[in-house]
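> structure for the following, please:
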Amino acid sequence: MSPAVVPPVGARIRQARLERGTSLRALAREVGVSASLVSQIETGKSQPSVSTLYAITTALGISVESLFDAREEAAPVPPATIRPAVPHAASRATTSPAAVPGAAVPPATTSPATVPLALAALAAEPGRRIGPLVAAGGRETLELDSGVVWERLGRAPGAEADFLLVTYRPGGSSSASGALMRHPGTEYGYLTSGELILTLAFEEYTLRPGDSVCFESTTPHRYRNDGEVPAVGVWFVSGDVQ
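Sure thing, here's the model as predicted:
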């Protein structure tokens, strides 16, 4: 497989830090790492561990998903027209048929957040939308520290979610120091091969192929692979934006 070009994660982190007006040392203190490590991550000389990456994005108030989008700014999403939302079931709202050139367009109707997010995904610039099909050779990949690889399986603009194929190489861990991590969102995982150990608060679980997990990501947790073969699974973290 020939993965897509790895996005400049360090550059995106630096951009977010500067936009927030936070000094390198201040960010390091907030995350609990050295300023030297943050500098090396921003310049691409080092890759963060999973726990450090989540700590940085949480401190900067950005999503992990946004790190895959370190490119030029997307073109503004054009206004879209929708049918009035059904009051008792906003999730059933659908987009109106494609407008006929020259035809009158009724005024847009506002509705709960789920509808604008769906419309943004439909109207987004095609070049920035990942999907609906993502070929095996076209996935964007992040190589993290401690033997962890993230491959993005899809993206809908405006959706606050991380949809990832996650690989923990033998000896790999979400935290090199062994510390538990916590971050915004709800975490869903399904292991397809290998074995992965999940430490969740004061409990420890061994995931085997076919096993799945679901928990609030604010619960302290850590993953590690003590086996001799890679542990691979599909992970979905929703709502990881503060």
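> what's the first helix or strand after the lowest-mean-pLDDT helix or strand in the chain?
Every helix and strand of the chain was ranked by mean pLDDT, DSSP states H and E. The lowest is helix 114-123, at a mean of 44. Per DSSP states H and E, helix 114-123 leads on to strand 141-144 as the next helix or strand towards the C-terminus.
> direction included, what does that next one pair up with?
strand 148-152 (antiparallel) (DSSP bridges).
> neighbouring strands for whatever helix or strand comes next after the strand it pairs with, and are they parallel or not?
Moving toward the C-terminus from strand 148-152, the next helix or strand (DSSP H and E) is strand 161-168. Sheet pairing for strand 161-168, assigned by DSSP bridges, gives strand 148-152 (antiparallel), strand 231-238 (antiparallel).
> tell me which of these sits most buried.
Mean neighbour count (mean count of other C-beta atoms under 10 Å) peaks for strand 148-152 among these, with a mean of 22. Using the backbone N, CA and C atoms, a C-beta is placed for each residue, glycine as well.
> hey, C-alpha coordinates of that one in PDB?
C-alpha atoms of strand 148-152 as PDB (Å, rounded to 0.1, in the frame of the first residue of the first chain):
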ATOM      1  CA  VAL A 148       1.500   3.700  16.600                       C
ATOM      2  CA  VAL A 149       0.100   4.400  13.100                       C
ATOM      3  CA  TRP A 150      -3.200   6.200  12.300                       C
ATOM      4  CA  GLU A 151      -4.800   6.000   8.900                       C
ATOM      5  CA  ARG A 152      -7.800   8.200   8.200                       C
END
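> in a markdown table: the strands paired with strand 161-168, plus distance to residue 141 and mean pLDDT.
Formatted as a markdown table, the entries for the strands paired with strand 161-168 read as follows, by distance: least, C-beta to C-beta, whole Å; pLDDT from 0 to 100:
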| stretch | distance to residue 141 | mean pLDDT |
| --- | --- | --- |
| strand 148-152 | 5 | 91 |
| strand 231-238 | 13 | 94 |
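> of all the ones you listed, which one is nearest residue 203?
Closest to residue 203 of the strands paired with strand 161-168, according to C-beta to C-beta: strand 231-238, at 18.5 Å.
> list of residues touching that closest one?
Contacts with strand 231-238, where a contact means C-beta atoms under 8 Å, 6 or more residues apart in numbering, come from 64, 153, 160-168, 172, 185-196, 207, 217, 225.
> quick revisit: identify whichever of the strands paired with strand 161-168 lies nearest to residue 11.
Closest among these, using C-beta to C-beta: strand 148-152, at 17.3 Å.
> residues contacting that closest one, please?
Contacts to strand 148-152, defined as C-beta under 8 Å, 6+ apart, come from residues 3, 49-50, 68, 130, 134, 139-144, 162-169, 172-174.
> report the buried members of these.
Among the contacts of strand 148-152, those scoring as buried are 3, 49-50, 68, 130, 134, 139-142, 144, 162-169, 172-174 (criterion: 16 or more other C-beta atoms under 10 Å).
> roughly how far does residue 55 sit from residue 212?
For residue 55, the distance to residue 212 equals 26 Å [C-beta to C-beta, to the nearest Å].
> now do residue 156
Plainly put, residue 156 is 22 Å away from residue 212 if you go by C-beta to C-beta.
> neighbour count: these two, which is higher?
Between residue 156 and residue 212, counted using other C-beta atoms under 10 Å, the more crowded position is residue 156 (18 against 11).
> can you map out the helices along the protein?
Using DSSP state H, the helices found in the chain span residues 9-20, 24-31, 35-42, 50-60, 114-123.
> and the third one, what other elements does it pack with?
Using 3 or more C-beta pairs under 8 Å, 6 or more residues apart in numbering; DSSP states H and E as the contact criterion, the neighbours of helix 35-42 among helices and strands are helix 9-20, helix 24-31, helix 50-60.
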